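Peer 1: Prediction below, plus the sequence it came from.
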Amino acid sequence: MAAGRTVTIPVFDFSGPMDAGETARLHRAAAGIGFFHATHPLFDGKRCSQAIQLARGFFDLPAAEKQALAIENSAHFRGYSEMRNARDWREQMHFGREEPAGAHRLSGPNLWPVSGEWRSEILRLIADFETAGRDILNGISSGLRLPPDQLLPQEEAPYVLLKLIHYLPPPDGQARSGVAPHVDFSWITLLLQDDAGGLSACTPEGQWQDIDPRPGSLIVNIGEILQFATSAGLRATPHRVMNRTRDRISLPFFLNPGLDRWIGPIPLAQRGTISAAPEPEHVHRVLPISAATPFHYGEAEWRRKGQGVWCRDCVSA
Ligand SMILES: O=C(O)CCC(=O)C(=O)O
Ligand SMILES: [Fe+2]
């Protein structure tokens with residue numbers, strides 16, 4: 001296992017329209033390593049550092065204040081949790097769109113700390129991630145030679161999820177798993193990380209390689225839903241986090257379809273199926289790699305969250 005080797009992933013700028021050469025390069029990145037850096041006007045260096053500081057400030061709150069926001073207190077899977085087990089070694093906080101309960105069993109209000117400006121700061125961050133995510137997904141759509149908003153139409157409200165994560169330093173100083181190998185059940189995931197390092201991706205050659213932080217940019221990876229919709233034309237890259245000697249802050253933002261949306265394989269002008277070497281260890285995933293049957297996104301997400309079937313191999317309903 002090539003632990004500690006770094007893979008260089010391409011950088012794309014989403015500050016304006018992309019030409020055909022650039023969308024073709026984006027397509028190659030999405031079909032190949034499945035990870036890239038994205039610069040976007042809403043996430044310049046200052047904003048990225050502020051977001052990381054905001055998350056750090058949350059984890060610095062008194063333990064009792066965080067515990068009062070426990071995810072078990074939310075009917076909508078929003079809130080705080082702490083995990084210390086073989087797969088996970090972290091504390092995290094889930095936020096989503098702020099809505100009254102009722103429209104869908106997964107939509108509803110967030111849990112907010114009592115002190116400070118959390119509500120406005122977090123909702124602004126979610127809105128900006130959604131804007132940047134749409135711009136990036138539209139670029140990927142163009143790279144597939146589809147109309148830019150075919151994957152996520154302008155009028156569709158995506159189901160979004162922002163996680164603040166704090167990876168705890170290993171108690172014995174030995175590197176250990178902070179997040180076990182998995183793919184994301186999303187269209188795409190956008191990620192901000194501090195400078196601690198520890199995220200690695202499984203390359204198409206089946207090697208774990210580090211994705212180093214790049215200040216002032218977002219890391220983007222392809223999710224399982226996009227791999228499914230493109231009949232594995234784009235690659236949902238397995239990734240994991242190893243906790244090293246110091247703690248680490250990250251903020252993944254999952255851009256998903258709307259909860260009422262049916263997802264099926266999209267007819268594409270250009271075909272091509274990703275090839276990848278066998279994975280070096282078990283990867284948690286929701287869909288079988290060769291899945292082809294359309295599914296209802298809101299139902300699938302409910303099965304994952306409400307019924308706890310977060311890996312098709314590890315946990316069955
Ligand atoms: O913290 C990270 O860098 C990645 C987190 C992640 O993969 C996830 O939450 O799905
Ligand atoms: Fe992930």
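Peer 2: Looks like it came in fine. Numbers count the residues shown, from 1 in each chain. Ligands and ions are numbered 1, 2, ... in the order given.
Peer 1: Please make it C-alpha for all contacts and neighbour counts, starting now.
Peer 2: Will do.
Peer 1: quick one: stretch 6-15 to chain centroid distance?
Peer 2: The chain centre lies 16 Å from the centre of stretch 6-15; the measure is C-alpha atoms, centre = their mean, to the nearest Å.
Peer 1: got it, and stretch 244-260?
Peer 2: 5 Å.
Peer 1: residues near the residue of the stretch 201-317 of the chain found nearest ligand 1, how many?
Peer 2: Nearest residue of the stretch 201-317 of the chain to ligand 1: S250, at 4.9 Å (C-alpha to the nearest ligand atom). Residues near S250, counting by other C-alpha atoms under 10 Å, number 23.
Peer 1: Give me the pLDDT value at the residue of the chain positioned farthest from its centre.
Peer 2: Of all residues in the chain, D172 has its C-alpha farthest from the mean position, at 28.9 Å, by C-alpha atoms, centre = their mean. pLDDT recorded at D172 is 88.
Peer 1: and if you look at V241?
Peer 2: 97.
Peer 1: Also the one 10 residues further on?
Peer 2: Here, the pLDDT recorded for L251 equals 98.
Peer 1: Return the residues in contact with D194.
Peer 2: D194 makes contact with 49, 52, 213, 248-250, according to C-alpha atoms under 8 Å, 6 or more residues apart in numbering.
Peer 1: hmm, back to that, and the residue of the stretch 201-317 of the chain closest to ligand 1, backbone torsions?
Peer 2: Backbone geometry at S250, expressed as degrees, to the nearest 10, gives phi -140, psi 160.
Peer 1: same check, this time on F59
Peer 2: phi -70, psi -20.
Peer 1: Return the residues in contact with it.
Peer 2: By C-alpha under 8 Å, 6+ apart, F59 lies in contact with 66, 166.
Peer 1: gap between it and M93?
Peer 2: 9 Å (C-alpha to C-alpha, to the nearest Å).
Peer 1: which residue sits closest to the residue of the stretch 51-200 of the chain found nearest ligand 1, ignoring its sequence neighbours?
Peer 2: Relative to ligand 1, the nearest point of the stretch 51-200 of the chain is L199 (4.9 Å; C-alpha to the nearest ligand atom). Leaving out its chain neighbours, the residue that sits closest to L199 by C-alpha to C-alpha, 6 or more residues apart in numbering is V241, at 4.5 Å.
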